[in-house]
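Asks: Need the 3D shape of this:
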Amino acid sequence: MIDFVKLELPASVGLRIQINPLLDFHALVNRKTGECKPCQTATYRHLTFEAWDSGRTLVSGSLHKFWHGIHNGSDFPQVALAETVALLEREFGIDPTQAKLQSFEFGVNVSLSAPAIDLLRRAVLCKTEQFGLRTYSGNGYYLEAETQRYNVKLYDKQLHLLDKGHHTPLPLLRAEVKVKKMVWVKADDITMLADLLKPMCLERLGQRLQNMMRQTLFAPVDISADLTDNERQLLLHGANPNYWQHLRQHHEASFQKKKKNFRELLQTRCVDTLHQQAMQGVAAKWQQLLTATAIPELTCLLDRVGLPFNPRSNPLVTEVEVGMALDSGSRRCQSCGRDISSQSANSKFCSQARYGAAGKQCRNAVNNRKHNAARSVKRLFRLPQLFQPETAINMDNSLKYFALCKVFGRVVETKSV
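Replies: A predicted model of the protein is given here:
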């Protein structure tokens with residue numbers, strides 16, 4: 001439903017956030033001049049906090065990922081959105097009625113009968129704009145049509161999740177709209193974070209998303225033999241985005257007429273079942289998310305099920321059913337909290353052999369932090385110091401102890417830490 005947001009906070013809230021114990025702010029420094037960037041940043045569960053010297057405070061990131069813990073490939077209904085906003089207010093004092101939206105994204109994940117890539121390969125236009133090919137992490141791509149006020153994005157979400165090491169059983173399409181200029185949704189009465197919790201505003205956003213899918217043109221899968229020469233020619237030329245760009249630039253009236261005829265042919269003579277599935281799926285999924293009353297099973301808000309939540313050592317999702325009674329005799333992964341009682345008695349984390357990349361992430365979430373700390377301390381000891389290097393190490397005692405042991409290659413006395 002609602003994914004990425006960029007918020008501007010009141011100055012009083014920004015000052016409180018800078019001293020919040022959950023956040024560690026850092027500033028970029030020019031190593032040649034010593035000049036500091038007039039902005040400090042901190043990250044927390046896929047959210048980025050920016051505190052500017054001018055007093056301006058910004059928060060940006062995916063609310064869906066903040067709630068889920070890892071990705072936005074699951075459902076994120078209105079009830080979960082409301083809970084996420086409540087958590088932001090509880091943990092950081094962010095009043096949704098005072099958090100001004102700078103931009104935001106909304107979209108849904110829709111199951112299809114065939115891989116979404118089969119549909120995306122045939123994407124031609126969204127309204128009047130061509131789709132551009134965009135990459136993520138260098139390992140995949142998605143389509144994006146850009147306008148001055150908003151962008152429309154289409155993903156093969158199944159491939160995206162598999163690339164990140166997460167399994168999804170069905171082909172999945174993600175349709176998403178990014179609002180770049182808030183004036184575009186001014187008529188929907190959306191200016192503050194609290195407005196995204198209003199059913200009427202969410203309904204209007206859903207209508208916008210459905211409208212974008214309806215107005216997206218896809219090349220036909222095949223061309224029927226009983227078409228006239230003019231109809232066949234229009235379908236062949238219309239499958240090329242450059243054809244529409246040329247018409248729009250030089251023959252605006254012809255562009256609108258031919259686009260209308262092209263769409264009518266696709267609806268009557270060359271029916272695209274995958275596109276129809278996508279349109280119907282977007283409408284049905286949005287309505288489902290809008291009316292859902294139960295929180296989905298996968299969640300990472302550990303305080304809801306009574307588990308201790310330590311954001312420093314546990315940034316990953318915990319797959320726990322809401323309200324489930326926890327067995328005090330069970331052994332759980334030290335990183336994500338999953339029940340690992342069936343694994344070896346010496347296991348501390350999820351097994352990579354059993355859970356694949358997700359299991360490796362659990363181990364790395366803890367081990368990488370320790371080894372990264374050791375590398376930082378090692379670099380510190382290489383440099384000439386005016387004072388004892390130990391006094392400049394600002395980290396948890398357990399991390400500091402581990403890092404010093406790694407640097408000196410022996411056990412360091414606790415009192416020296």
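Asks: From now on I want contacts and neighbour counts done on CA atoms only, so please keep to that.
Replies: Noted.
Asks: show me where the stretch 1-150 of the chain has helices.
Replies: Applying DSSP state H, counting those that start in this stretch to the stretch 1-150 of the chain gives helices spanning 11-18, 63-68, 78-92, 117-120.
Asks: want to throw these into a markdown table with mean neighbour count, distance to residue 369 and mean pLDDT?
Replies: As requested, those are arranged in a markdown table below (neighbours: other Cα atoms under 10 Å; distance: least, Cα to Cα, whole Å; pLDDT from 0 to 100):
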| stretch | mean neighbour count | distance to residue 369 | mean pLDDT |
| --- | --- | --- | --- |
| helix 11-18 | 17 | 23 | 90 |
| helix 63-68 | 24 | 20 | 92 |
| helix 78-92 | 17 | 24 | 93 |
| helix 117-120 | 18 | 37 | 90 |
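Asks: Quick one, which of those helices gets closest to residue 102.
Replies: Using Cα to Cα as the measure, helix 63-68 is the one of the helices of the stretch 1-150 of the chain that comes nearest residue 102, at 14.6 Å.
Asks: okay, that closest one in PDB with CA atoms only?
Replies: C-alpha atoms of helix 63-68 as PDB (Å, rounded to 0.1, in the frame of the first residue of the first chain):
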ATOM      1  CA  LEU A  63       7.500   2.100   5.900                       C
ATOM      2  CA  HIS A  64       6.800  -1.400   4.400                       C
ATOM      3  CA  LYS A  65      10.400  -2.500   4.900                       C
ATOM      4  CA  PHE A  66      10.500  -0.900   8.400                       C
ATOM      5  CA  TRP A  67       7.500  -2.900   9.400                       C
ATOM      6  CA  HIS A  68       8.500  -6.200   7.700                       C
END
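Asks: Show the secondary-structure elements that that helix is packed against.
Replies: For helix 63-68, the packing partners by 3 or more Cα pairs under 8 Å, 6 or more residues apart in numbering; DSSP states H and E come out as strand 2-9, helix 78-92.
Asks: Would you format the ones you listed as a markdown table with distance to residue 35 included?
Replies: Shown next, in a markdown table, are these (distance: least, Cα to Cα, whole Å):
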| stretch | distance to residue 35 |
| --- | --- |
| strand 2-9 | 26 |
| helix 78-92 | 29 |
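Asks: Mind checking those for the one nearest to residue 209?
Replies: Nearest to residue 209, of all those, is strand 2-9, at 11.7 Å by Cα to Cα.
Asks: now the lengthiest strand in the chain and strand 2-9, what's the angle there?
Replies: The residue-count maximum for a strand in the chain (DSSP state E) belongs to strand 100-111. Between strand 100-111 and strand 2-9, the angle comes out at 170 degrees (axes from the mean of the first three to the mean of the last three Cα atoms, to 10 degrees).
Asks: Which strands and helices lie in contact with strand 100-111?
Replies: Using 3+ Cα pairs under 8 Å, 6+ apart, strand 100-111 sits against strand 2-9, strand 172-179, helix 273-291.
Asks: Please compute how far that strand lies from its chain's middle.
Replies: The chain centre lies 9 Å from the centre of strand 100-111; the measure is Cα atoms, centre = their mean, to the nearest Å.
Asks: I would like the residues contacting that strand, please.
Replies: For strand 100-111, the external contacting residues (Cα atoms under 8 Å, 6 or more residues apart in numbering) are 1-9, 73-75, 157, 170-182, 191-193, 205, 209, 278, 281-282, 285-286.
Asks: what angle do it and helix 273-291 make?
Replies: Angle of strand 100-111 versus helix 273-291, following the same axes, to 10 degrees, is 130 degrees.
Asks: the inter-axis angle of strand 100-111 versus strand 172-179?
Replies: With the same axes, to 10 degrees defining the directions, strand 100-111 sits at 160 degrees from strand 172-179.
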